[in-house]
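Engineer: A predicted structure for the sequence below; I have some questions about it.
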Amino acid sequence: MQSGNEEKIVLDVTSDMEDERIDKVLSAYMDTLSRSFLQKLLKEGSVFADGKSVKANYKVREGQRIEFMIPAAVEPDIVPEDIPLSVLYEDADVLVVDKPKGMVVHPAAGHYSKTLVNAVMFHCGDSLSGINGVLRPGIVHRIDMDTTGSIIICKNDHAHNEIAKQLKQHSIRRKYRAIVCGVIKEEEGTVDAPLGRDRKDRKKMAIVPDGKHAVTHYRVLERFREHTYVECVLETGRTHQIRVHMASKGYPLLGDAVYGRAKDKYKCQGQCLHAMTLGFEHPVTLKYTEVEAPLPEYFEHLLRILPK
């Protein structure tokens, strides 16, 4: 019986999982749980296939139902840390900061300190929305660890609800700058392709027929011998959207080892992607508010040295 402190997980085995070891299937499907935790559940006999307890080397079959229980997450104490923030805009309701490359937005396994949340907690004190719990106070959206640029933090629940509503309605204006591999011939274009979990690698996103509606508009700003500097405007905001959409056109982001080339001669630390412009209706004044995060130094450097 499921208690208030547990969560029941149910997974229906699909054809692409056929004859895979159950530990591998669960590790791909439950990417929020550590492999060691899943192995512990399997060793204890707490994972069931069609009602029968199975071990790690059990091979699943299409149509089977996998079930197991996980305890409610024990949320660690997240402490404020005096980490410098580049503030782009701030008032009593919202804070917009320029996130640097390499900073994780909110705490998660392996990253409980030095995150944007730790920095924001120090900066704002108790003035943060509590809707997303102690791990993500004030966080209403996120950008990837190696993506730089503007991100909005909500200081109270009213602001959080209003900004979340705008995100859901896709009314927030979000313009990114990116450097992609390859020379784009057309001046502008649109990628309209649904996104979902990659069927072969659950930790990646992919264009899938039954995925979520996703639209990216792009415009060429400058061409180089082997690269293109582009502006990407999000009509929707899905996980890894720009990275997957541009890669699908044959123009993966420079430095993106996940969706592009494993190595690049410029030794980029992650994808060259910058959330430059963020425009929204202020949750209290209702006035349109727009901020712009300047290009980071590494990005400017690449634009200077890329051969034309």
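Structural biologist: That came through fine. Numbers count the residues shown, from 1 in each chain.
Engineer: Grab the nearest non-local neighbour of Thr14.
Structural biologist: Glu62 (6.5 Å; Cβ to Cβ, 6 or more residues apart in numbering). From N, CA and C alone the C-beta is placed, and that goes for glycine too.
Engineer: can you count the residues close to that neighbour?
Structural biologist: 12 (other Cβ atoms under 10 Å).
Engineer: before we move on, what about Gln64?
Structural biologist: 19.
Engineer: Next up, the contacts around it.
Structural biologist: Asp12, Val13, Ala49, Asp50 (Cβ atoms under 8 Å, 6 or more residues apart in numbering).
Engineer: mind checking how far the residue nearest to Thr14 is from Asn132?
Structural biologist: Distance, Glu62 to Asn132, using Cβ to Cβ, to the nearest Å: 36 Å.
Engineer: Please apply the same query to Ile9.
Structural biologist: Counting by Cβ to Cβ - Ile9 and Asn132 are separated by 21 Å.
Engineer: I'd guessed Glu67 sits against Lys8; true?
Structural biologist: Yes: between Glu67 and Lys8 a contact is recorded at 6.8 Å, counting by Cβ atoms under 8 Å.
Engineer: Mind checking which of those two has more residues around it?
Structural biologist: Legend: neighbour count by other Cβ under 10 Å for Glu67 and Lys8, higher for Glu67 (14 against 10).
Engineer: Wasn't the more buried one part of a strand?
Structural biologist: Yes: secondary structure assignment places Glu67 in a strand (DSSP: H, G, I helix; E, B strand; the rest coil).
Engineer: quick one: contacts of the helix or strand where Thr216 lies?
Structural biologist: Element membership for Thr216 (DSSP states H and E) is strand 215-223. Strand 215-223 is contacted from outside by 177, 183-184, 186-192, 228-236, 241-242, 245-246, 303, 308, using Cβ under 8 Å, 6+ apart.
Engineer: What is the neighbour count of the residue nearest to Val87 when sequence neighbours are not counted?
Structural biologist: Excluding the flanking residues, the one nearest Val87 by Cβ to Cβ, 6+ apart is Val97, at 5.7 Å. Applying other Cβ under 10 Å, we find 23 residues neighbouring Val97.
Engineer: Hmm, Ile151 and Val97 touching each other?
Structural biologist: Yes: Val97 lies in contact with Ile151 (Cβ under 8 Å); the separation is 6.1 Å.
Engineer: thinking Ile78 is in contact with Tyr112, fair?
Structural biologist: Yes: applying Cβ under 8 Å as the test, Ile78 and Tyr112 come out as touching, 6.8 Å apart.
Engineer: Alpha carbons of stretch 184-195, in CSV - could you do that?
Structural biologist: What follows is stretch 184-195 as a C-alpha-only set of coordinates in CSV (Å, rounded to 0.1, in the frame of the first residue of the first chain):
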residue,chain,number,x,y,z
ILE,A,184,23.6,28.7,-43.0
LYS,A,185,22.7,29.9,-46.6
GLU,A,186,19.2,31.3,-46.0
GLU,A,187,18.9,34.6,-44.1
GLU,A,188,16.2,33.2,-41.7
GLY,A,189,14.1,30.2,-41.0
THR,A,190,11.8,28.4,-38.6
VAL,A,191,12.0,24.9,-37.1
ASP,A,192,8.6,23.6,-36.1
ALA,A,193,9.1,20.1,-34.7
PRO,A,194,7.8,18.4,-31.6
LEU,A,195,10.3,17.5,-28.8
